[in-house]
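# Pasting the sequence and the predicted coordinates here, then a few questions.
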Amino acid sequence: MHMDFSFNIKKTKFDDKYNPSTDTRLTTNFANLARGEHRQENLQNVLQMIDRRFNSLAGWDNHKADRYSVELEIVSVEMHLDSNGNRKVFPLIEVLNTSIADKTRGEHIAGIVGNNFSSYVRDYDFSVLLLNQNQNHEKFRVPERFGDLHGNLFKAFIHSDIYKRNFGKMPVICLSVSSNRTYRKTGNYHPVLGSEYEQTEFSLTDQYFGKMGMKVRYFMPPYAAAPLAFYFFGDLLSDYSNLELIGTISTMESFQKIYRPEIYNANSPAAECYQPSLKHKDYSLTRIVYDREERGRLAIEQGKFAEEHFIRPYQDILERWSAHSPV
């Protein structure tokens, strides 16, 4: 059985008129916010949150805190498979791309691609494969070669010609820190990323992104309530400008305040020795409606979709390709 594949990119503007397309993962944070009776108010509020946070971090030559505005587009990556004459298109991942409008200079500045990260195959790995593996076991076990296929698919996209034609720098993914780990503040401080935290043992998510070729560092930006996990290639502190980093921080911290308010909208900032908890009670809610229960349920449904339409039909050849992947 022979298989060739290529990637295709679709870009959708994320603004207050955004409606999720039929092939968008509905567990995606921006898709969740864009449904229901409060959809337009949700979108307007989150975009305002992002802009305000950006201007609070980019305070130089910005006395009224209104110089910059963040513009977002959803980048949907499709995988086109040709197997023995049969052509199949499968939705692979979705990320966000940022750009910054500088209203003082009247120009646009390219931001960082990545930020949010959504993947059908990751849904399969965490919500189907991992769940089934541990259904009848008292001790938690990780399946053999967990994340290998997903990691190799991601690296193949990052090194593809279509990625290089569309984006000038490698992606940065920004996620919540793990509630199963303890983080300790170091003496390292960056003017935009803030105080660096460390931990002694990588979480399963950290390990999973490691399979994607990405390293991780944890920083709590100025005025934030908790550190964020930044997954990256190369050198996070040297490869990106301050404005590029602020675009990612302002976007992802705003999302985290909405769907992890116990951690990122806590009323007291993280201590020097910090363990995140979703059981924390001292936090504030935003005025933005977000259905966290639906997100968890849909992750399982969409993981099963990936299993039915991608993993099972192409399992043998995907495993052979992954075992000999050049990236």
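Noted; the coordinates are in hand.
# Tell me how far the nearest residue to Ser268 once chain neighbours are set aside lies from Gly194.
Distances taken as Cβ to Cβ, 6 or more residues apart in numbering put Asp282 closest to Ser268, at 6.4 Å, once the chain neighbours are dropped. For every residue, glycine as well, the C-beta is placed using N, CA and C. Separation of Asp282 from Gly194 (Cβ to Cβ, to the nearest Å) stands at 21 Å.
# Settle it for me: which of those two has more neighbours?
Gly194 (19 against 8; other Cβ atoms under 10 Å).
# Quick check: that one touching Met220?
Yes. With contact defined as Cβ atoms under 8 Å, Gly194 counts as touching Met220 (4.9 Å).
# State the helix or strand in which Leu175 lies.
Element membership of Leu175 [criterion: DSSP states H and E] is strand 172-176.
# ok, now Val216?
strand 215-220.
# Show me what secondary structure element comes after that strand.
Counting by DSSP H and E, what follows strand 215-220 is strand 228-232.
# and Ala270, that's in a strand?
No. With DSSP: H, G, I helix; E, B strand; the rest coil as the criterion, Ala270 is coil rather than part of a strand.
# OK, contacts around it?
Tyr183, Tyr197, Met220, Ala225, Ala226, Pro227, Pro276 (Cβ atoms under 8 Å, 6 or more residues apart in numbering).
# residue boundaries of the strands in this protein?
Remark: strands assigned in the chain by DSSP state E are 3-14, 68-83, 86-102, 107-119, 172-176, 183-190, 194-198, 215-220, 228-232, 273-274.
# now these as CSV including distance to Asp161 and mean pLDDT?
Formatted as CSV, these follow (distance: least, Cβ to Cβ, whole Å; pLDDT from 0 to 100):
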stretch, distance to Asp161, mean pLDDT
strand 3-14, 9, 88
strand 68-83, 13, 91
strand 86-102, 16, 92
strand 107-119, 16, 95
strand 172-176, 21, 97
strand 183-190, 33, 96
strand 194-198, 35, 98
strand 215-220, 24, 98
strand 228-232, 22, 98
strand 273-274, 42, 96
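# Dump the ones you listed to TSV, plus distance to Phe140.
Shown next, in TSV, are these (distance: least, Cβ to Cβ, whole Å):
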stretch	distance to Phe140
strand 3-14	33
strand 68-83	31
strand 86-102	26
strand 107-119	22
strand 172-176	20
strand 183-190	21
strand 194-198	24
strand 215-220	21
strand 228-232	21
strand 273-274	23
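# Indicate which one of those strands is closest to His150.
Shortest separation from His150 across the strands of the chain is recorded for strand 107-119, at 6.7 Å, computed as Cβ to Cβ.
# Between the strands of the chain, which one is closest to Ser241.
Judged by Cβ to Cβ, the one of the strands of the chain that comes nearest to Ser241 is strand 107-119, at 8.1 Å.
# Could you check the angle the closest one makes with strand 3-14?
Angle, strand 107-119 to strand 3-14, by axes from the mean of the first three to the mean of the last three Cα atoms, to 10 degrees: 130 degrees.
# Could you give me the buried positions within strand 107-119?
Neighbour-count burial for strand 107-119, counted by 16 or more other Cβ atoms under 10 Å, picks out Ala110, Gly111, Ile112, Val113, Gly114, Asn115, Asn116, Phe117, Ser118, Ser119.
# Tell me, how many residues neighbour Asn166?
Asn166 has 13 neighbours, counted by other Cβ under 10 Å.
# From Arg67, how far out is it?
Taking Cβ to Cβ, one finds Asn166 at 27 Å from Arg67.
# How about Leu236?
25 Å.
# Then Glu94?
For Glu94 relative to Arg67 (Cβ to Cβ), the value is 30 Å.
# So if I had to pick from the two, which one is more boxed in?
Glu94 (22 against 19).
# Ok, which of the strands of the chain comes nearest Phe154?
With Cβ to Cβ as the measure, strand 86-102 is the member of these nearest Phe154 (7.0 Å).
# Flag every buried residue along that closest one.
Applying 16+ other Cβ under 10 Å to strand 86-102 flags Phe90, Pro91, Leu92, Ile93, Glu94, Val95, Leu96, Asn97, Thr98, Ser99, Ile100 as buried.
# Now do that strand and strand 172-176, the angle between them.
Strand 86-102 and strand 172-176 are oriented at 80 degrees to each other (the same axes, to 10 degrees).
# Using CSV, write out every CA atom in strand 86-102.
Coordinates of each C-alpha in strand 86-102 appear next as CSV, following Å, rounded to 0.1, in the frame of the first residue of the first chain:
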residue,chain,number,x,y,z
ASN,A,86,-7.8,7.1,-3.8
ARG,A,87,-7.7,10.8,-2.7
LYS,A,88,-8.7,11.8,0.8
VAL,A,89,-8.7,15.2,2.5
PHE,A,90,-8.5,15.2,6.3
PRO,A,91,-8.5,18.3,8.6
LEU,A,92,-5.2,18.0,10.5
ILE,A,93,-4.6,21.0,12.8
GLU,A,94,-5.8,24.6,13.4
VAL,A,95,-3.7,27.4,14.9
LEU,A,96,-4.0,31.2,15.1
ASN,A,97,-1.9,33.7,13.3
THR,A,98,-1.4,37.2,14.9
SER,A,99,-0.6,40.5,13.3
ILE,A,100,-0.4,43.9,15.0
ALA,A,101,-1.9,47.1,13.7
ASP,A,102,0.2,50.1,14.8
